[in-house]
Every structure is written in C-alpha cells, then in structure tokens.
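[1] sequence and predicted model, in that order:
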Amino acid sequence: MIAPCGAEAQVVLPGALRAEQSKECMTTTSTTEPILSPSLLAFIQQWKDKPGNLIMVLHRVQQEYRYVPREVACKVAELLDVPLAKIYGVITFYHLFKLKKPGRHQIAVCMGTACYLKGGEDLIKEMETLIGAGVNTVSPDGEFSVEVVRCLGCCGLAPVLTIDGEVYGNLTKAQLPDVLAKYQGAPATPAEVNAQGVST
Ligand code: FES
C-alpha cells in the first residue's frame, strides 16, 4: 500500500541498490540520457529534501511530458535518491499518472447517463472509424487518445465530448470529422517538444 499524498518517507538508497537500479535503467531504456529542462531540474532541487516530494515531482514531470517516461523516472529516482520501484508504485497507484505516451490531443467522451442516452456510444464508434482509436487507445498516427469520462457537468448539451479541454456539445456523428480536423496536424505544444526528446 502506498502512503497517501505527502506522507511518503524519505528513502536513502544503499550503494549496492543504487548501482543495481542504475543498471536496470541503463538496460531498459534508450542509451541517451534524458535532458531535463532547467525549470524541471530546479523544481526537483527545490523539492529534493521536502516531505511529499515524489508526488510533487511526478506531477511536474507529467505536466512537462504529458506522461512519465521511463528514462525520466530513472533520472528522478537518481536525483531524489529513491528506489525506482517506489516511483512506479506511486505512478500505478494514482490513476492520474500516465505511463504511456498519450496522443497529441486528448479526447474525453462523456458516457454519463444523459450523454449515453443521447448517443455517446455512437460517437465513440464513429471515432473508431475516423481515427482508428477506441477507448483508452492512441490513434496510429499519434494524434489522438480517447478516454471515457462520467458526466462533464453540462448534461443539457448531451452528447458531449471534450478535446484538450474544449467542450463540444449536442454533437452528432456527422459533425465529428470537422471537429477532429481542427486538431489534426495542429502545431506541437512545448510539452510535445519535450516528449519527443524521450523514447517510449
Ligand atoms: S452526462 Fe454527459 S455531461 Fe452529464
């Protein structure tokens, strides 16, 4: 069981374990070391000795990369001097953290009662046809990832979906291609540029 947010203990790795961990990181990731941005490094330094630092740092990593790349997890383990296993324990415990690189644009289809009854499922099926990605998958071109959410709080607009947080209500299957086209090939965000520097 992972300690709740902010309660994890500071762990100092013995030399042998540290060596084993760095070997594991080297053998399971790309040979190039991730280059963390100056602001991320500064953030890690700022939190290095504070309680609850792991959660805070992982949040910051995900903010920068949109997920937690393994290379970066290894680097964080090294910088915070904590076991890699502990980092993965936290990542897998909290659903918020992503281990896999998401699509460039994140689609959330509402399947709350109102949206379900008004055709939310049809939107998902149509999306599968249009972008080749179903629920919890990424389209083959890496443009979109799709997830299902429960009630976005605007049931009067059902069926509803969001793309990168932008809300589309009263949506029909026929409108989907135009909506998706707005995002396809849109310029990369700073987070994407960071993520491209890290292999998956
Ligand atoms: S059920 Fe979809 S917004 Fe409420």
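    Yep, it's here.
[2] where are the low-confidence patches of this structure?
    Applying pLDDT under 70 to the chain picks out residues 1-24, 26-33, 187-200.
[3] any idea how far the residue in it that the ligand sits nearest to lies from Pro159?
    In the chain, no residue comes nearer to the ligand than Gly112, which is 2.5 Å away by CB to the nearest ligand atom. (Glycine included, C-beta is placed from N, CA and C.) If you measure Gly112 against Pro159 using CB to CB, to the nearest Å, the figure is 10 Å.
[4] about what we covered before: just give the nearest non-adjacent residue to the residue of the chain closest to the ligand, would you?
    Cys151 (3.3 Å; CB to CB, 6 or more residues apart in numbering).
[5] how about the residues of this structure near the ligand?
    Neighbours of the ligand within the chain, by CB under 6 Å from any ligand atom: Cys110, Gly112, Thr113, Ala114, Cys115, Cys151, Leu152, Gly153, Cys154, Cys155, Ala158, Val160.
[6] residues contacting the second one?
    Gly112 is in contact with Gly120, Val149, Arg150, Cys151, Leu152, Cys155, Ala158, counting by CB atoms under 8 Å, 6 or more residues apart in numbering.
[7] can you list the residues you listed in TSV and add distance to Val68?
    Converted to TSV, the contacts of Gly112 look like this (distance: CB to CB, whole Å):
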residue	distance to Val68
Gly120	30
Val149	21
Arg150	25
Cys151	28
Leu152	26
Cys155	33
Ala158	34
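[8] now tabulate the residues you listed in a markdown table and tack on secondary structure.
    Shown next, in a markdown table, are the contacts of Gly112 (DSSP: H, G, I helix; E, B strand; the rest coil):
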| residue | secondary structure |
| --- | --- |
| Gly120 | helix |
| Val149 | strand |
| Arg150 | coil |
| Cys151 | coil |
| Leu152 | coil |
| Cys155 | helix |
| Ala158 | coil |
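[9] and which of those is nearest Gln106?
    Using CB to CB, Val149 comes nearest to Gln106 of the contacts of Gly112, at 10.6 Å.
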